[in-house]
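Undergrad: A predicted structure for the sequence below; I have some questions about it.
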Amino acid sequence: MGKKITMAFSLIIVTILLFATIKQSVKLHNSIGRVQLPTHQSRQFGESGIYSSMTVRQLSEKFGVGEATIFELFEITPKPADYKLSILGLSKKYNKTREEMIKCLQSIVDNSSQKGDEHE
């Protein structure tokens, strides 16, 4: 009688553990499915709405600041190919750190002719 009770008790514990494992696996699977991967546009510098894929011309149009002013704030002497590079490309080409770029981008936002939350 003792072996049958021990075997039944072990079987109940194994069954409970199996159901708990399945439940946790389903929860994990569902939570992984809800994770949204970052898009190209969601990779931005701070809260300013400036994306690393933006060019100097796009920054100029967005914030109403001249392209020459932007290069001046970045402390870069522009070459013709620099106008087509993204912000990330410029930072790599001229060895600018992320902190320097964020500081320059913040001064662009501060110098912009836009008021309040008009920019995207």
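TA: Nice, thanks for sending it over. Numbers count the residues shown, from 1 in each chain.
Undergrad: shaky segments in the protein?
TA: Applying pLDDT under 70 to the chain flags the ranges 37-49, 111-120.
Undergrad: can you point me to the longest helix in the chain?
TA: Longest helix of the chain, by residue count under DSSP state H: helix 2-33.
Undergrad: so where do the strands sit in the chain?
TA: 44-45, 50-51 (DSSP state E).
Undergrad: just how off-centre is the longest helix of the chain within its chain?
TA: Relative to its parent chain, helix 2-33 has a centroid offset of 39 Å by C-alpha atoms, centre = their mean, to the nearest Å.
Undergrad: Please shift the residue numbers so they start at 196 in all later answers.
TA: Fine by me, first position is 196 from now on; the one you just mentioned is helix 197-228.
Undergrad: Can you list the buried residues in it?
TA: Applying a neighbour-count criterion of 16 or more other C-beta atoms under 10 Å, one finds nothing buried in helix 197-228. All C-beta spots, glycine's among them, are computed from the backbone N, C-alpha and C.
Undergrad: per-domain residue ranges of this protein.
TA: Here the domain parsing of the chain from automatic domain parsing is 196-230, 239-306.
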